[in-house]
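1. Provided below for reference: sequence and predicted model.
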Amino acid sequence: MTTNDIINPANLVYAKPSVLNDVPMHYCPGCTHGVIHKLIGEIIGEMGFQEKTIGIAPVGCAVFAYKYLDIDWQQAAHGRAPALATAVKRLLPDRLVFTYQGDGDLAAIGTAETIHACNRGENIAIIFINNGIYGMTGGQMAPTTLHGMKSSTSPNGRTVPLNGYPLDITKLLAQLDGTCYVTRQSAHTVASVRKTKKAIQKAFENSMLGKGTSIVEVVSTCNSGWKLSPADSNTWMVENMFPAYPLGDLKDI
Amino acid sequence: MAKVKGAIVVNVERCKGCNLCVVACPSKVLLLNNEANSKGYNYSYMADPDSCVGCSACAYVCPDACITVYRVKL
């Protein structure tokens, strides 16, 4: 059987989800954002929620998420996505409301909004992309930057006396009574992509069931900011990010 | 001989040549093409189509959703 015989709609096993449109994404080659966008598109399509979903876009590389996923979007001021999501969900409780934020948005400028939205137990899902760096602005040090990790504002590596400790905000959010599901995943292998998909799906379901706030942290790469190739970034992430940000469920009730 | 056979179609203009699919493929089917698309990226292609089993590993890890996978049972 030749390749052309196999390429037939009857034999289709995997294709781009229809919720993800045909606009080419602006992300750098190999960026984890693309994988997560694709998963969100697949989940919303499978749940049949395309007309009922409102995403809250952050400030950061994912600010243009509205161009790629054909759902309703609101774009929040820097870090204020959970506050905006609170308003949207309270006004339209039958909609699926989620925020999509990076570590600069969620764990730096938006720490207060994140903590208080989670503490109030708002029925929203928060997708948190953690690459340990400010990707969009040029690879500066973020609160999540690892101890000893080089960035454009810590060229000799982050040091605790000067820069403090890396902020494990997901662990912090798991302590709050308002959160119902807190998990940390990655998206660098087939198995991890599948696990992340299940986690995001569960977070969306929790949001619709009114169980409280769900947080899915995805430990990600920023190969441009890390100055590595996409494949080397994945290896670096496994060796360096995972010991500091171990994968798994932190809370599931 | 393999009991399943697969094939992929790469959306050449969407591909950014990040190489993650090449690394992810367990059958070593994929390579980056020497030719580039209109944006200058060396897009991936099936260098060894006979070895493809349609496992979709390349498509799962593709950040730009440019791979469509087909599979048949022989």
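-> Alright, I've got the coordinates. Residues are numbered from 1 along each chain as shown, chains lettered A, B, ... in the order given.

2. quickly find the element holding the residue in chain B that chain A sits nearest to.
-> Here chain B gets closest to chain A at one residue, B:P63, 3.0 Å apart by Cβ to the nearest Cβ. In short, each C-beta sits where N, CA and C put it, glycine included. In this assignment (DSSP states H and E), B:P63 forms part of neither any helix nor any strand.

3. surely it and A:C28 touch.
-> No. B:P63 is not in contact with A:C28 according to Cβ atoms under 8 Å; the separation is 9.1 Å.

4. between those two, which one's more packed in?
-> B:P63 (25 against 19; other Cβ atoms under 10 Å in any protein chain shown).

5. can you check the pLDDT for residue 4?
-> Answering for chain A, as no chain was given. The model reports A:N4 with a pLDDT of 84.

6. actually it's chain B I care about, not the one you picked
-> 90.

7. that one bridge partners, please.
-> Beta-bridge pairing for B:V4 (DSSP bridges): B:K73.

8. what do you get for the one 5 residues further on?
-> Legend: beta-bridge partners of B:V9 under DSSP bridges are B:T68.

9. so what's the residue of chain B closest to chain A closest to, chain neighbours aside?
-> A:G34 (3.0 Å; Cβ to Cβ, 6 or more residues apart in numbering or on different chains).

10. my read is the one you found is in a strand, agree?
-> No. Counting by DSSP: H, G, I helix; E, B strand; the rest coil, A:G34 is not part of a strand but helix.

11. do you know how far it is from A:Y68?
-> 9 Å (Cβ to Cβ, to the nearest Å).

12. any common contacting residues for these two?
-> By Cβ atoms under 8 Å, 6 or more residues apart in numbering or on different chains, A:G34 and A:Y68 have these common neighbours: A:M25.

13. tell me which stretches of chain B form helices.
-> Assigned helices in chain B, in chain order: B:20-24, B:57-61 (criterion: DSSP state H).

14. rebuild those as CSV, extending it with mean neighbour count.
-> Below are these laid out as CSV (neighbours: other Cβ atoms under 10 Å in any protein chain shown):
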stretch, mean neighbour count
helix B:20-24, 23
helix B:57-61, 25
